[in-house]
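Enquirer: sharing a sequence plus its predicted fold:
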Amino acid sequence: MKKLRLKKKVTLATREYSVDYKTSLNEEQLRAVMHDKGAALVLAGAGTGKTRTLVYRVSRLIEDGIDPRSILLLTFTRKASAEMLSRITSLLDTRAGKITTGTFHSFALKMLKQYYKQIGFSQEFSIIDQQDSADTIDLIRGRHLPPSIKKRFPKKNTLHKILSLSTNKRESTLTILEEYYPKFVEYEDQINTIFMDYHKYKKVANVMDYDDLLLYLLELLKENPDARKQITNMYKHIMVDEYQDTNRIQHEIILLLGGEENNIMAVGDDAQSIYSFRGADHQNIFFFPESFEKCEVYKIEQNYRSTEQILDLSNEIINGAAFKYEKKLFSRDRIGEKPYLVAANRERQQSEFVVQQILELREQGIELENIAVLFRSSYHAFDLEIDLNKSNIPYVKFGGMKFIETAHIKDLISYMRLLFNPKDVVAWQRVLMLVDGVGPATTRKIIDNISDNRLTISNYKDVLPTLNKNVGITNLFKLVAKNFDPTDITYAASELAFYYKEYMDEKYDNVNKRWRDIETFLQITDQYNDLPTFLNDMALDPPINSLDELEPESKEDEYLTISTIHSAKGLEWKVVFLIWATEGKFPSAKSTHTIDSVEEERRLFYVAVTRAKDYLYIIYPFGIFDRESGMVLSEPSRFIGEIGDEFLEKFILTEDEDDEGIDD
């Protein structure tokens, strides 16, 4: 027998609002927006208006007399914060500008800049990014390891990943090694020694890495009752977006920020938790209601993005999940075609079919910008990129190397960090290695002297007289010694760029391409008023992820999007092609050894199909070439194999002499 329950009907307060909440929101959204006091979890499915709900809730709080300065809205990207703030301001008025909004890391930075003394730093501490962190670990690694084990010992990026996972998951080094890198368990003691020296190194250099921001904020809240009380009194109403993506530290921080009233609203979707490789903990969204004595749970299931047929398939996929909140997405009036499941007889035929369909869709009036091709891993797109280029179809790719991670851009940022903090030994490590005639030994000698306060940019000739013979060193110290105005970032960036160009001309063959990148970099610096803000943004949340993500020069330019699913989260297109939906590729063969990893692959598949608004093509090759075995037969993804025939239109590709078609 079905269990019946009463659902309270939402009644607006008798007061008059300037915003018409009742007609602007559906019943589910309105219920969450009108939540009064205490903790609340809003389970908002894909395409259900999660952002709209958050925007209207902030507006409603302000209209009910809540001081906007006491509202904290935490997101996972700076872009999301800016969009929400803009929408709240448009909906209400300029009072919205007084709320605090930003990422967890930017909020942590703001708090630590206020309470720097309590954590043992000076206010001028700077932030190092992931690669600089790995380089510093490598420097320390070189000091500790005997030559006999260097080749077998984890490399710098692996060490950085171990430390980051240990920090964000709040687990010991040994636990991380056993779970992710069992072959390095024997080196646990040496690894821990390196990590301890790394933490000391940062403290002396007055720098923090990305993970430190959260770690020190958590430490501040736990160990300094006065600071915690001041912060919780400052922020009486807290909202957190994308709660399913939080890690263990972020979850602990939120619980500590609640204060006496626990006016915390977490918004998220357990079905879209796909970032465990970054330390995100899928369990946090399940633990949230249990962490408070009284926590209201609201579900938002009405979808405004996809057709009913696409939603039916999405619901079936996620229904197979072992751990989930029960939800069923639905659409009031969007009826369309069933998703297509297309079997290609070989790998290349898959990409040829996608290109053919894209050309046909464009002839039917569907613009390229309304079409996306999604895949599990970046290398799955290699054949596709070749065929797109052959057919002259312009495209942008998400999921490759980030613009901010390219060597020449990182070099420039390191120079700029030295202008702000001449004791930044991590930046010195990078720029010194660019000087002709300077190797690891000289670099280490200079850095050791800077760390011990024996060497400065003004006395280097006296402390290390041998450096006088190196023109490159002399020019570098002269550059850093220049008294640049920190508010004139445009001039400083231009001077550094032209200084660096001489090195670039000698180092790289593709100078013109790299110089175009630097010109783009200079355009970005033009948007900032001062150097510290720019450097913080570069470390916390770069304004662009890659050159491919820049706006086209002309709005009339048309381009197709091809993307990893991880990079496509939060986006939507009229037509979506999901390629390589093959067992062993999706789920990845590496992700089938534990229930948790298979479950995350299922959620990733769910995220992919819920990007489609009107048309969804799921494609897999049933013939795959293997180097040892030749052509082998493959099967569609297990996530498709579980689905009943009524949810998909199934086709097999056939080749004719004149054309290629699909047969059912």
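Expert: Structure's in. What do you need?
Enquirer: Gly365: how many residues sit nearby?
Expert: By other C-beta atoms under 10 Å, the residues close to Gly365 number 7. The C-beta positions use only the backbone N, C-alpha and C, and glycine is treated the same way.
Enquirer: look up how far Arg430 lies from it.
Expert: Computed as C-beta to C-beta, to the nearest Å, the Gly365 to Arg430 distance reads 51 Å.
Enquirer: same check on Met538?
Expert: 14 Å.
Enquirer: likewise Asp448?
Expert: In terms of C-beta to C-beta, Asp448 sits 16 Å off from Arg430.
Enquirer: so the two - more neighbours on which side?
Expert: Arg430 (22 against 12).
Enquirer: against which helices or strands is the longest strand along the chain packed?
Expert: Counting residues, the longest strand found in the chain (DSSP state E) is strand 612-621. Judged by 3 or more C-beta pairs under 8 Å, 6 or more residues apart in numbering; DSSP states H and E, the packing partners of strand 612-621 are helix 308-319, strand 340-344, helix 347-363, strand 573-578.
Enquirer: TSV for these, including distance to Gly142 and mean pLDDT?
Expert: As requested, the helices and strands packed on strand 612-621 are arranged in TSV below (distance: least, C-beta to C-beta, whole Å; pLDDT from 0 to 100):
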stretch	distance to Gly142	mean pLDDT
helix 308-319	48	96
strand 340-344	49	95
helix 347-363	43	93
strand 573-578	45	98
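Enquirer: mind putting those into TSV with mean neighbour count and distance to Phe420?
Expert: Below are those laid out as TSV (neighbours: other C-beta atoms under 10 Å; distance: least, C-beta to C-beta, whole Å):
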stretch	mean neighbour count	distance to Phe420
helix 308-319	22	47
strand 340-344	22	54
helix 347-363	19	47
strand 573-578	23	41
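Enquirer: redo these as TSV? Include distance to Leu213.
Expert: Shown next, in TSV, are the helices and strands packed on strand 612-621 (distance: least, C-beta to C-beta, whole Å):
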stretch	distance to Leu213
helix 308-319	33
strand 340-344	45
helix 347-363	42
strand 573-578	34
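Enquirer: quick one: closest of those to Tyr528.
Expert: strand 573-578 (32.5 Å; C-beta to C-beta).
Enquirer: please, where are all the helices along the stretch 451-600 of the chain?
Expert: Taking DSSP state H, counting those that start in this stretch, the helices of the stretch 451-600 of the chain run over residues 460-463, 471-481, 489-507, 511-525, 531-540, 565-568, 595-609.
Enquirer: go through the third one and flag the buried ones.
Expert: Read that as helix 489-507. For helix 489-507, the buried set under the neighbour-count rule, 16 or more other C-beta atoms under 10 Å, comprises 489, 492-493, 496-497, 500, 503-504.
Enquirer: got a list of what Lys294 touches?
Expert: Lys294 makes contact with 38-39 under the criterion C-beta atoms under 8 Å, 6 or more residues apart in numbering.
Enquirer: could you number the chain from 8 rather than 1 from now on?
Expert: Renumbered: residue one is now 8, and that last one reads Lys301.
Enquirer: and it, how far from Leu441?
Expert: Distance of Lys301 to Leu441, given as C-beta to C-beta: 58 Å.
Enquirer: got it, and Leu220?
Expert: 28 Å.
Enquirer: now Phe160
Expert: 27 Å.
Enquirer: swap in Glu333?
Expert: 57 Å.
Enquirer: partners of the helix or strand containing Leu381 in the sheet?
Expert: Leu381 is part of strand 378-382, with elements assigned from DSSP states H and E. Strand 378-382 has the following sheet partners, assigned by DSSP bridges: strand 567-571 (parallel), strand 580-585 (parallel).
Enquirer: more crowded one of Glu333 and Leu441?
Expert: Legend: neighbour count by other C-beta under 10 Å for Glu333 and Leu441, higher for Leu441 (17 against 7).
Enquirer: pLDDT score assigned to the closest residue to the more buried one other than its chain neighbours?
Expert: Distance criterion C-beta to C-beta, 6 or more residues apart in numbering; nearest residue to Leu441, sequence neighbours excluded, is Tyr510 at 5.7 Å. Here the pLDDT value assigned to Tyr510 is 85.
Enquirer: try the one 4 residues further on
Expert: pLDDT, Lys514: 79.
Enquirer: do you know how far it is from Met440?
Expert: On the measure of C-beta to C-beta, Lys514 and Met440 end up 12 Å apart.
Enquirer: name the element Ala47 belongs to?
Expert: With DSSP H and E as the test, Ala47 turns up in strand 46-51.
Enquirer: list of residues touching that strand?
Expert: 39, 57, 60, 250, 265, 269-277, 292, 295-296, 298-299, 301-307, 332, 334.
Enquirer: given that strand, what are its sheet partners and their directions?
Expert: Strand 46-51 has these strand partners (DSSP bridges): strand 271-275 (parallel), strand 302-307 (parallel).
Enquirer: got JSON lines for those, with distance to Glu662, mean neighbour count and mean pLDDT too?
Expert: What follows is the strands paired with strand 46-51, written out as JSON lines (distance: least, C-beta to C-beta, whole Å; neighbours: other C-beta atoms under 10 Å; pLDDT from 0 to 100):
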{"stretch": "strand 271-275", "distance to Glu662": "45", "mean neighbour count": "25", "mean pLDDT": "96"}
{"stretch": "strand 302-307", "distance to Glu662": "46", "mean neighbour count": "18", "mean pLDDT": "95"}
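Enquirer: and the ones you listed: which comes nearest Leu368?
Expert: So among those, strand 302-307 is nearest, using C-beta to C-beta, at 31.4 Å.
Enquirer: what sits up against that closest one?
Expert: Contacts for strand 302-307 (C-beta under 8 Å, 6+ apart): 35-36, 38-39, 42, 45-52, 55-57, 60, 295-296, 332, 334.
Enquirer: so where's the stretch 158-307 of the chain uncertain?
Expert: Applying pLDDT under 70 to the stretch 158-307 of the chain flags no residue at all.
Enquirer: and with 90 instead?
Expert: Residue ranges of the stretch 158-307 of the chain with pLDDT under 90: 158-165, 175-177, 185-191, 208, 210-213, 266-268, 282-287, 299-301.
Enquirer: the helices in it, which residues?
Expert: Using DSSP H, counting those that start in this stretch, the helices of the stretch 158-307 of the chain run over 163-176, 180-187, 195-212, 217-230, 232-241, 255-264, 291-297.
Enquirer: in JSON lines, list those helices along with distance to His415 and mean neighbour count.
Expert: Listed next are those as JSON lines, based on distance: least, C-beta to C-beta, whole Å; neighbours: other C-beta atoms under 10 Å:
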{"stretch": "helix 163-176", "distance to His415": "20", "mean neighbour count": "20"}
{"stretch": "helix 180-187", "distance to His415": "32", "mean neighbour count": "16"}
{"stretch": "helix 195-212", "distance to His415": "24", "mean neighbour count": "17"}
{"stretch": "helix 217-230", "distance to His415": "22", "mean neighbour count": "20"}
{"stretch": "helix 232-241", "distance to His415": "40", "mean neighbour count": "14"}
{"stretch": "helix 255-264", "distance to His415": "33", "mean neighbour count": "21"}
{"stretch": "helix 291-297", "distance to His415": "38", "mean neighbour count": "17"}
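Enquirer: any idea which of the ones you listed gets closest to Tyr123?
Expert: In terms of C-beta to C-beta, the element of the helices of the stretch 158-307 of the chain nearest to Tyr123 is helix 217-230, at 9.3 Å.
Enquirer: centre of the chain to the closest one, how far?
Expert: 20 Å (C-alpha atoms, centre = their mean, to the nearest Å).
Enquirer: likewise stretch 325-333?
Expert: Centre-to-centre, stretch 325-333 and its host chain are 24 Å apart (C-alpha atoms, centre = their mean).
Enquirer: so what touches that stretch?
Expert: Taking C-beta under 8 Å, 6+ apart as the rule, stretch 325-333 contacts 50, 277-278, 289, 293, 306, 334, 602, 606, 609-610, 613, 646, 649.
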